[in-house]
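Novice: Would you be able to build a 3D model of this:
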Amino acid sequence: MLSRNSGLNCLWDKKQDKLIEDLTPYYGAWVTPNVDAIMRLLRKVAEKTPEQSLRGYLTGSTKAVDDEVRAIYEVLKEERIVYVNSMMEFGRSESQLGQRVRLPRESLEHQTANCLDGTVLFASLLEASSINPGLVFVPGHSLIAWQKRAMWGEDDLDSELFDNWDFLETTMVSKHSFEEAKAKGRQIAERYYFKAGCKQDFEIFRIHRLQWLRAKGIYPME
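Specialist: Presented below is the predicted three-dimensional model:
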């Protein structure tokens, strides 16, 4: 029995040195859009948009979506969330590869986040704003992604991945601009995506669209 803040990335066969099962989709359970700490920030986010409202994809404008994501970034900057590389967790076996992950309300309370904490925190605010997030995993790191336009089906995660998705490096929120964090996130995502041969490879590049995770029954844990 592992503690709630112990996340598992995968089950690994040590003897044969191969993947048994990818468990990163279950990080969708840490994306908790309806808790008080997230809902408390939504009004602040709305007030920072040009329209002072959160309409997601209803406007049909990618700029409006970008403005809302920028507002989320600026609100988290005001919350003084700083990057802390806190990975320690206990109880795993050698076949279980994972790391520590906080719930978004805990990151807000303590004003600290590692890369995965920041990813699920940002995803919670995106989902609460009706913008479709994606959880991105590359070797030793995670990023947040979001759809610029609402789309259905799988094409937007393959041939149109970098046309309809934007990416952001959440660890930069305390000291860098939104534009800088976006540029860094896209740089990292593109590097590993093409290194993986333009496919989802567990060891190199993986993106989990939260809509799919919810459809598969991976719901917020609170």
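Novice: Please pull up the helix or strand immediately following the helix or strand of the chain with the lowest mean pLDDT.
Specialist: Every helix and strand of the chain was ranked by mean pLDDT, DSSP states H and E. The lowest is strand 96-100, at a mean of 58. Scanning forward in sequence from strand 96-100 by DSSP states H and E, the next helix or strand is helix 104-110.
Novice: Relative to L8, how far out is E21?
Specialist: Distance check for E21 against L8: by C-beta to C-beta, to the nearest Å, it reads 9 Å. C-beta here means a position set from N, CA and C on the backbone, and glycine is covered the same way.
Novice: Looking only at neighbour counts, state which of the two leads.
Specialist: Between E21 and L8, counting by other C-beta atoms under 10 Å, L8 is the more crowded of the two (19 against 10).
Novice: Are we agreed that the more buried one is in a helix?
Specialist: No: per DSSP: H, G, I helix; E, B strand; the rest coil, L8 lies outside any helix segment and is strand.
Novice: What's opposite it in the beta bridge?
Specialist: As for beta bridges, L8 partners with G98 under DSSP bridges.
Novice: hang on, it packs against L23?
Specialist: Yes: at 4.5 Å, L8 counts as touching L23 under the criterion of C-beta atoms under 8 Å.
Novice: shaky segments in this structure?
Specialist: 1-7, 10-20, 86-98, 152-160 (pLDDT under 70).
Novice: can you give me the strands in it?
Specialist: 6-13, 18-22, 82-83, 96-100, 112-113, 133-138, 141-147, 165-168, 206-209 (DSSP state E).
Novice: between the ones you listed, which gets nearest to P33?
Specialist: Checking the strands of the chain against P33 by C-beta to C-beta gives strand 133-138 as the closest, at 9.5 Å.
Novice: for the closest one, packing partners?
Specialist: Strand 133-138 is packed against helix 115-128, strand 141-147, helix 178-195, strand 206-209, helix 210-215, with contacts defined by 3 or more C-beta pairs under 8 Å, 6 or more residues apart in numbering; DSSP states H and E.
Novice: Now tabulate those in TSV and tack on distance to D67 and mean neighbour count.
Specialist: What follows is the helices and strands packed on strand 133-138, written out as TSV (distance: least, C-beta to C-beta, whole Å; neighbours: other C-beta atoms under 10 Å):
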stretch	distance to D67	mean neighbour count
helix 115-128	13	26
strand 141-147	13	24
helix 178-195	10	17
strand 206-209	22	22
helix 210-215	21	16
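Novice: Now distance to V31 too, for those, in a markdown table please.
Specialist: Conversion of the helices and strands packed on strand 133-138 to a markdown table gives the following (distance: least, C-beta to C-beta, whole Å):
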| stretch | distance to V31 |
| --- | --- |
| helix 115-128 | 4 |
| strand 141-147 | 10 |
| helix 178-195 | 17 |
| strand 206-209 | 10 |
| helix 210-215 | 6 |
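Novice: ok so, going back, of the strands of the chain, which approaches E179 most closely?
Specialist: Closest to E179 of these, according to C-beta to C-beta: strand 165-168, at 10.2 Å.
Novice: which other residues reach the closest one?
Specialist: 66, 69, 73, 122, 134, 136, 143-148, 156-157, 178, 181-182, 184-186, 188-189, 207 (C-beta atoms under 8 Å, 6 or more residues apart in numbering).
Novice: how about the nearest residue to D36, chain neighbours excluded?
Specialist: R105 (7.5 Å; C-beta to C-beta, 6 or more residues apart in numbering).
Novice: which residues does R206 contact?
Specialist: Counted by C-beta under 8 Å, 6+ apart, R206 has contacts D22, T24, V136, F137, V138, Q200.
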